[in-house]
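**Q** One predicted model, sequence on top.
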Number of protein chains: 2
Amino acid sequence: MPSPRRVGSETSKTRDALLDSAERLMLDRGYAAVTYRNVAASGGVYAGLVSYYFPTLDDLFLALLRRRSERNLDRLVASLDARFDEPLRVVWEFNTDESSAALIMEFLALANHRKSIKAEITEVTRRVRKVQLEAIERHWSRCRMPDEMSPGTLLFLMATVPKMLQLEESVGICEAHTDTIRLVEHYLDDVEPKRPGRNGARRRPSARATA
Amino acid sequence: MPSPRRVGSETSKTRDALLDSAERLMLDRGYAAVTYRNVAASGGVYAGLVSYYFPTLDDLFLALLRRRSERNLDRLVASLDARFDEPLRVVWEFNTDESSAALIMEFLALANHRKSIKAEITEVTRRVRKVQLEAIERHWSRCRMPDEMSPGTLLFLMATVPKMLQLEESVGICEAHTDTIRLVEHYLDDVEPKRPGRNGARRRPSARATA
DNA sequence: GTCTATACGGCGATAGAC
DNA sequence: GTCTATCGCCGTATAGAC
């Protein structure tokens, strides 16, 4: 017989505030600091209330991951759409953005111990990789890569190199980082040149014509 | 006044066996499973004995990391020496080797919460990167890379791409992996061709001439 | 629907007996 | 060198007050 335990509504403002607290804790002190007591304390409530909304810590971590993933995916799709003529630069910048990167690394570490987190990361990574790949394949002819390089491999590099740079910097290693970044940015300037007077977001021609 | 607490000898066989148990636990169930009680149980001893040899968990993790790091560095130096004419392949294979990779990822996650681990990782990474870089710079003229690519960037890629492949595979992502590996291995075959009848370790000419 | 209060076993760590 | 006892904090669960 399943437990008749009550769980708080997903639309509760309290619930959302608790997720905010948990996210800050995870960023500042690592996932190990995300405990019922710590989350409750930083939200000024009792530990029991946290476990009312999230019966297990797994539930809390999953909710956290899903909320952040959806925001990131939305942001990615919006960027790829607005700057449809420079998908490589969008992918590079998206994966360079550090605000979510530290969190992702925490979740990757968590995935080693929590199956539910692992499954969710697999799913969201697949979705993100898919929309990025489609955007790159659409402009593949402009990418000027040698025949041996596939669109998937180029995407793999544009998505994972920023993550490795961040990972190394997080432990104080920065040898060759500026060289690497410069190399990529020169490549981007070459295949996706910035046009003068166009330093903001670009719009699809179908949306509204620029003057 | 510092605690007069007793600590077991570093040459103890029991201590080494406990480190073996801890390493297996960390690989199988993640660093969170490395507890005094778990380590003791898998070694058939009492928890108090584990904290006799390792007063804090930090001490245990540090000892684990140092033991593994020294072994890896020795192995790397030996390979670079024995196969002195193909440093890129050695670096690629060294970073592809998976036996220590899962452990390294665990330690990287640990580094977010334990300063001592972070400092030790920084130090050992610097040392490893240094001997790899010197080996590559010695053969840089043969690497046939465009002018914009620096030896440091090539090393960064040869060292970190295998890690990212493993990290993604650990969460079930494998898109474009075979493409990427094939690309690198074709490059290696090009700049460091395997010679027929020479499929084992190569020796420095000064060591002993081959027949 | 929200929140408070309490209980249980596992944890890191310590002190000291054998 | 080995083992036992103990402390306070933790994740987790549940009962019940508002």
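**A** Cool, got the structure.
**Q** interface residues of chain A facing DNA strand C?
**A** With CB under 7 Å from any atom of the strand as the criterion, chain A meets DNA strand C at residues A:6, A:8-9, A:12, A:14, A:45-49, A:51-52. Backbone N, C-alpha and C define where each C-beta goes, glycine included.
**Q** okay but A:M26 is in contact with A:V34, surely?
**A** Yes: A:M26 is in contact with A:V34 according to CB atoms under 8 Å; the separation is 5.3 Å.
**Q** Quickly find the element holding the closest residue to A:D58 other than its chain neighbours.
**A** Of all residues not flanking A:D58 in the chain, A:S116 sits nearest, at 5.3 Å (CB to CB, 6 or more residues apart in numbering or on different chains). Per DSSP states H and E, A:S116 falls inside helix A:115-138.
**Q** about what we covered before: so which of the residues of chain A next to DNA strand C is the closest to B:S170?
**A** Using CB to CB, A:S51 is the member of the residues of chain A next to DNA strand C that lies nearest B:S170, at 29.6 Å.
**Q** how near is the closest one to B:R29?
**A** As for A:S51, its distance to B:R29 is 24 Å (criterion: CB to CB, to the nearest Å).
**Q** circling back: so how far is the helix holding A:S116 off the chain centroid?
**A** When distances are taken as CA atoms, centre = their mean, to the nearest Å, helix A:115-138 is centred 10 Å away from the chain's centroid.
**Q** One more: stretch A:79-86?
**A** How far stretch A:79-86 lies from its chain's middle: 17 Å, per CA atoms, centre = their mean.
**Q** That one - what's its average pLDDT?
**A** Averaging pLDDT along stretch A:79-86 yields 97.
**Q** One more: stretch A:156-173?
**A** 94.
**Q** List the buried residues of it.
**A** Of the residues in stretch A:156-173, A:156-168, A:170-171, A:173 count as buried by neighbour count, 16 or more other CB atoms under 10 Å in any protein chain shown.
**Q** Who's the closest spatial neighbour of whichever residue of chain A sits closest to DNA strand D, skipping the chain neighbours?
**A** Per CB to the nearest atom of the strand, A:T35 is where chain A lies closest to DNA strand D, at 1.6 Å. Leaving aside its sequence neighbours, A:T35 sits nearest to A:L57 (CB to CB, 6+ apart; 7.7 Å).
**Q** Am I right that the one you found is in contact with A:Y31?
**A** No: between A:L57 and A:Y31 there is no contact under CB under 8 Å: 9.5 Å.
**Q** the more surrounded of these two?
**A** Taking other CB atoms under 10 Å in any protein chain shown, A:L57 and A:Y31 do not tie; A:Y31 has more neighbours (26 against 18).
**Q** quick one: contacts for that one?
**A** A:61, A:106-107, A:109-110 (CB atoms under 8 Å, 6 or more residues apart in numbering or on different chains).
**Q** now the angle between helix A:115-138 and the lowest-mean-pLDDT helix or strand in chain A, please.
**A** Least confident helix or strand, chain A: helix A:101-111 with a mean of 80, by mean pLDDT, DSSP states H and E. Computed by axes from the mean of the first three to the mean of the last three CA atoms, to 10 degrees, the angle separating helix A:101-111 from helix A:115-138 equals 130 degrees.
**Q** just to revisit the earlier point, between A:S51 and B:R29, which one's more packed in?
**A** A:S51 (19 against 13).
**Q** Let's verify that one: helix, strand, or coil?
**A** helix (DSSP: H, G, I helix; E, B strand; the rest coil).
**Q** Please tell me I have it right and it contacts A:V39.
**A** No: judged on CB under 8 Å, A:S51 makes no contact with A:V39 at a distance of 9.7 Å.
**Q** Which of the residues in the helix or strand where A:A40 lies are classified as buried?
**A** Here A:A40, judged by DSSP H and E, is contained in helix A:36-43. Under the neighbour-count criterion of 16+ other CB under 10 Å, helix A:36-43 has A:36, A:38-40, A:42-43 buried.
**Q** Just the pLDDT at the residue in chain A that DNA strand C sits nearest to, thanks.
**A** Residue nearest to DNA strand C within chain A (CB to the nearest atom of the strand): A:G48, separated by 2.4 Å. On pLDDT, A:G48 comes in at 90.
**Q** tell me which element it is part of?
**A** The secondary structure element spanning A:G48 is helix A:47-53 (assigned by DSSP H and E).
**Q** Which helix or strand lies directly C-terminal to that helix?
**A** In the C-terminal direction from helix A:47-53 (assignment by DSSP H and E), the next one is helix A:57-82.
**Q** and that following helix, how far out from the chain's middle?
**A** Helix A:57-82 has its C-alpha centroid displaced from the chain centroid by 7 Å (CA atoms, centre = their mean).
**Q** Give me every residue in chain A that's in contact range of DNA strand D.
**A** With CB under 7 Å from any atom of the strand as the criterion, chain A meets DNA strand D at residues A:3, A:5-6, A:34-38, A:47-48, A:51-52, A:55-58.
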